[in-house]
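1. what follows is a predicted protein model with its sequence.
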There are 2 protein chains.
Amino acid sequence: MNARERLVTSAQELLWERGYGGTSPKAVQERAGAGQGSMYHHFAGKADLTAAALERTAAAERERAESVLGGDGPALERIAAYLRRERPALRGCPIGRHAADPDLVADPALRAPVEQTFAWLRDRLAGIVAEGQRDGELRADVEPAAIAAAVVAAVQGGYVLARAAGAQEAFDLAVDGAVLLVEGLRA
Amino acid sequence: MNARERLVTSAQELLWERGYGGTSPKAVQERAGAGQGSMYHHFAGKADLTAAALERTAAAERERAESVLGGDGPALERIAAYLRRERPALRGCPIGRHAADPDLVADPALRAPVEQTFAWLRDRLAGIVAEGQRDGELRADVEPAAIAAAVVAAVQGGYVLARAAGAQEAFDLAVDGAVLLVEGLRA
DNA sequence: GTCTATATACAGATAGAC
DNA sequence: GTCTATCTGTATATAGAC
């Protein structure tokens, strides 16, 4: 792997662990085994490198979600599978964690991958809910977009609860609750 | 208000806006109109001041939650009132936002107020669900602790979605979805 | 493409005068 | 209790040699 690739990969790891504000160019360089000059040759600066790393992480997350949402089973089963996907909650969400950083959120180029990931995910889930309604599997009197947002929020909030509690169990419990609630949508 | 109080208040504001890692002692001092010497006279350092500020914010948040949860109406109504309480979502949750900070979470004295706020909230909501089950208002076949965790998570995740989207509406939609889902618990 | 040297600013604190 | 001075380390670059 060349220096540029190693820099992006290292940035992805550090951004997940420490966030944007907590990740210094120097730390990225050290983990990548690249010098200052190398980094500033390949990227205009910290924000530019971060944008590249975030875009890659966002693409990977969409792919992981699609692998669980893309089946052809009943809607409820696919939504539950999304909720129950294994997640190391104490590490936080590699995308969602960045919503807390004011500098990242203030920079359109850095917020874009985060925004788009959730936009895609909410839309994807809303489509599955609507499908379940058309098939007569789910109650037709609820707004798919609202259910989708609540499901994604339950997962993101589960990360918050787990890190606050210092325990994976808090995440698992929130997901259990979300699954119970979503099952109440059965027609 | 004396210097000590002004320092705590300023720290509360900055911690909400910028988080722990993003808040410098100097910035707190400037907002408080206090000098370095004053701050280090009243507090051992940044972590100590932060602990005092977080405890005060946590107490205020519990009080705000209790004012909406403490009624004597039906369980569903109180839970919906908690979900629907007005929140400036783009500012983030003054307590929950700190779950994303690795340094804060790693320091037991700093994590404690965050952990305890959510522990209290989850317990309070679980009690309300259990009450609704005893009264025959809610389905008895769901675990109250799981429902409570999912409700709190929906709110915390709503903040994430709103900040990611740069729009309050994302929060409101997640809350709408959560209310719809919780209404499915009616016996 | 990568290296080393250099630069400005800020973080987070300590010391001692008043 | 508060002030000013001072200190060490880090963040985030730029400059120019190789």
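-> Noted; the coordinates are in hand.

2. pLDDT of the longest helix belonging to chain A, averaged?
-> The residue-count maximum for a helix in chain A (DSSP state H) belongs to helix A:108-134. For helix A:108-134, the mean pLDDT works out to 99.

3. helices along chain A, start to end?
-> Remark: helices assigned in chain A by DSSP H are A:3-18, A:25-32, A:36-42, A:46-69, A:75-84, A:102-106, A:108-134, A:144-165, A:168-183.

4. figure out which of these is closest to DNA strand D.
-> Closest approach to DNA strand D among the helices of chain A (Cβ to the nearest atom of the strand): helix A:46-69, 3.3 Å. Bear in mind the C-beta positions are built from the backbone N, C-alpha and C, glycine included.

5. say whether DNA strand D is contacted by that closest one.
-> Yes. Against DNA strand D, helix A:46-69 shows contacts by Cβ under 7 Å from any atom of the strand at A:46-47.

6. how about that helix and chain B, touching?
-> No. Helix A:46-69 does not reach chain B (Cβ under 8 Å from any Cβ of the partner chain); its nearest approach is 10.9 Å.

7. so what does that helix touch, helix or strand wise?
-> For helix A:46-69, the elements it packs on are helix A:3-18, helix A:25-32, helix A:75-84, helix A:108-134, judged by 3 or more Cβ pairs under 8 Å, 6 or more residues apart in numbering or on different chains; DSSP states H and E.

8. can the ones you listed go into a markdown table with extra columns for mean neighbour count and distance to chain B?
-> Converted to a markdown table, the helices and strands packed on helix A:46-69 look like this (neighbours: other Cβ atoms under 10 Å in any protein chain shown; distance: least, Cβ to the nearest Cβ, whole Å):
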| stretch | mean neighbour count | distance to chain B |
| --- | --- | --- |
| helix A:3-18 | 19 | 6 |
| helix A:25-32 | 18 | 13 |
| helix A:75-84 | 19 | 10 |
| helix A:108-134 | 19 | 5 |
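
9. need these in CSV (columns: distance to B:Ala59).
-> Converted to CSV, the helices and strands packed on helix A:46-69 look like this (distance: least, Cβ to Cβ, whole Å):
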stretch, distance to B:Ala59
helix A:3-18, 29
helix A:25-32, 36
helix A:75-84, 33
helix A:108-134, 32
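
10. A:Ala3 versus the residue lying farthest from the centre of chain A, what's the distance?
-> The outermost residue of chain A, judged against the average C-alpha position, is A:Gly37 (31.8 Å), by Cα atoms, centre = their mean. With distances taken as Cβ to Cβ, to the nearest Å, A:Gly37 is found 10 Å from A:Ala3.

11. do A:Gln133 as well
-> For A:Gln133, the distance to A:Ala3 - Cβ to Cβ - is 51 Å.

12. what's the answer for A:Gln29, then?
-> On the measure of Cβ to Cβ, A:Gln29 and A:Ala3 end up 10 Å apart.

13. okay, and the common contacts of the two?
-> Common neighbours of A:Gln29 and A:Ala3, counting by Cβ atoms under 8 Å, 6 or more residues apart in numbering or on different chains, are A:Ser38.

14. quick one: the residue nearest the centre of chain A and B:Ala100, what's the gap?
-> Most central in chain A under Cα atoms, centre = their mean is A:Ile95, positioned 4.0 Å from the mean C-alpha point. Separation of A:Ile95 from B:Ala100 (Cβ to Cβ): 12 Å.

15. any idea how many residues pack against A:Ala34?
-> 19 (other Cβ atoms under 10 Å in any protein chain shown).

16. contacts only, for it.
-> A:3, A:6-7.

17. hmm, A:Pro94 is touching A:Thr57, no?
-> Yes. Checked against Cβ atoms under 8 Å, the pair A:Pro94 and A:Thr57 is within contact range at 5.2 Å.
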